[in-house]
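K.L.:
Pasted the sequence and its predicted model underneath.
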Amino acid sequence: MIGVVGLGFTSVTFSRFLAIAQELGCDGFELCTIPGAHRGTLDLTEGTKRAQAKEQIEAAGLRVLSVAGYNDFSLPANHQREVAQLEYYIQLAREFDCRLVRVFAGDGTDPDLFAHVKAGFQRAVALAEEQDVVLALENHGHQFNDGGLICRLLEEIDSPYLRATLDTGNFFWAGHSVETGHRFARQVCSYAANVHLKDFVYGPDGSVQFVPLGEGLVDLPGIIGELKAVGYQGPYLSEYEGFGDPRKVTVDADLLKERSAQCLEYLRSIL
């Protein structure tokens with residue numbers, strides 16, 4: 001299954017996004033859940049509105065392949081609230097006939113961060129198991145943009161309902177070298193239930209700049225080869241966002257479509 005991450009298209013209306021995904025030959029997409037997504041045209045706050053969105057998706061011949069969940073387990077005092085938030089995303093996934101929620105860990109410099117995150121996920125995984133929905137932890141932020149740390153967490157919790165979302169660009173965004181980023185990616189492959197595909201180059205100032213798949217430094221053929229070797233069966237989702245935070249910038253829809261088409265063409269060539 002191949003598709004795109006909806007977050008990258010939040011600057012276009014939901015109907016336009018579905019039309020683009022359809023034209024690109026996607027099987028589906030990761031559902032963007034941030035407030036005001038797709039220029040405020042995707043309302044997930046009410047059951048009737050969610051039912052309407054589901055009808056639009058089905059009419060376009062698409063599927064929700066994963067749901068974008070947001071949580072932060074860095075502060076134990078907030079765990080009850082954060083688990084309740086994940087329960088909402090789990091229910092959302094079930095309503096859209098999806099069994100996969102992308103999740104985060106949390107960030108910070110607290111020396112007990114790992115323990116806090118582990119405790120939060122132990123509570124969340126119990127809910128996920130009840131609903132038969134997999135939580136897929138993305139390498140995101142700074143502390144948990146570490147392949148070894150992610151694998152340690154998943155091994156210690158040891159549940160089929162907590163797996164990984166492998167983002168092929170985020171290790172480098174977090175400042176790891178090309179060699180280290182690829183090593184982390186290979187570590188996480190065995191635990192992946194979801195994959196976000198990004199590529200990058202270094203800008204003149206040394207910063208990471210994301211580019212269409214196949215135009216950067218990420219060994220995407222190697223990573224996909226490793227995923228295949230470990231029997232990965234989940235979605236491959238292209239996440240081209242252009243420059244800047246997609247929640248704050250407006251990217252031309254035609255440019256998004258053009259660059260995403262490049263990404264998917266390259267992805268198909270190596271799959």
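P.N.:
The structure has been received and is ready for your questions. Numbers count the residues shown, from 1 in each chain.
K.L.:
For the residue nearest to residue 23 when sequence neighbours are not counted, the count of nearby residues, please.
P.N.:
Setting aside the residues directly before and after it, residue 23 is nearest to residue 257 in space (CB to CB, 6 or more residues apart in numbering), at 7.2 Å. Just so you know, the C-beta spots here come from the backbone N, C-alpha and C atoms, and that holds for glycine as well. A count of neighbours around residue 257, defined by other CB atoms under 10 Å, yields 19.
K.L.:
Equivalent analysis for residue 181, please.
P.N.:
Residues near residue 181, counting by other CB under 10 Å, number 26.
K.L.:
In the stretch 151-271 of the chain, where is pLDDT below threshold?
P.N.:
Of all residues in the stretch 151-271 of the chain, those with pLDDT under 70 make up the ranges 242-251.
K.L.:
All the helices of it, residue numbers only.
P.N.:
Counting by DSSP state H, counting those that start in this stretch, the stretch 151-271 of the chain has these helices, from start to end: 170-173, 178-189, 220-229, 253-270.
K.L.:
Turn these into TSV, columns for distance to residue 160.
P.N.:
Putting the helices of the stretch 151-271 of the chain into TSV (distance: least, CB to CB, whole Å) gives the following:
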stretch	distance to residue 160
helix 170-173	24
helix 178-189	16
helix 220-229	18
helix 253-270	27
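K.L.:
out of these, nearest to residue 151?
P.N.:
In terms of CB to CB, the element of the helices of the stretch 151-271 of the chain nearest to residue 151 is helix 178-189, at 5.4 Å.
K.L.:
Determine the set of other helices and strands touching that closest one.
P.N.:
In terms of contact count using 3 or more CB pairs under 8 Å, 6 or more residues apart in numbering; DSSP states H and E, helix 178-189 is assigned the packing partners helix 147-157, strand 162-167, helix 170-173, helix 220-229.
K.L.:
so the first one versus helix 178-189, what angle?
P.N.:
Note on geometry: by axes from the mean of the first three to the mean of the last three CA atoms, to 10 degrees, helix 147-157 and helix 178-189 are set 20 degrees apart in direction.
K.L.:
just to revisit the earlier point, the residue nearest to residue 23: what's it in contact with?
P.N.:
Taking CB atoms under 8 Å, 6 or more residues apart in numbering, we find residue 257 in contact with 20, 23-24.
K.L.:
repeat for residue 34
P.N.:
Residue 34 makes contacts with 7, 10, 68, 70, 247, as judged by CB under 8 Å, 6+ apart.
K.L.:
residues contacting the residue nearest to residue 212 when sequence neighbours are not counted?
P.N.:
Counting by CB to CB, 6+ apart, residue 262 is the residue found nearest to residue 212 once chain neighbours are left out, at 4.3 Å. For residue 262, the contacting residues are 212-215, taking CB under 8 Å, 6+ apart as the criterion.
K.L.:
For residue 113, state which of the residues you listed is nearest.
P.N.:
Distances from these to residue 113 were compared by CB to CB; the smallest belongs to residue 213, at 32.0 Å.
K.L.:
quick revisit: please check the contacts of residue 34 and keep the buried ones.
P.N.:
Applying a neighbour-count criterion of 16 or more other CB atoms under 10 Å, the buried members of the contacts of residue 34 are 7, 10, 68.
K.L.:
In helices, which of those fall?
P.N.:
Of these, none are assigned to helices by DSSP state H.
K.L.:
Put together CSV for those residues, with pLDDT and distance to residue 28 on each row.
P.N.:
Rendered in CSV, the data for the buried ones among the contacts of residue 34 read as follows (pLDDT from 0 to 100; distance: CB to CB, whole Å):
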residue, pLDDT, distance to residue 28
7, 94, 14
10, 90, 17
68, 98, 13
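K.L.:
is it possible to export those to a markdown table including distance to residue 201?
P.N.:
As requested, those are exported to a markdown table (distance: CB to CB, whole Å):
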| residue | distance to residue 201 |
| --- | --- |
| 7 | 21 |
| 10 | 24 |
| 68 | 26 |
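K.L.:
quick one, phi psi at the residue lying closest to residue 43 once chain neighbours are set aside?
P.N.:
Taking CB to CB, 6+ apart as the measure, residue 43 lies nearest to residue 49, with 4.1 Å between them; neighbours along the chain are not counted. The phi and psi torsions at residue 49 (degrees, to the nearest 10) take the values phi -70, psi -40.
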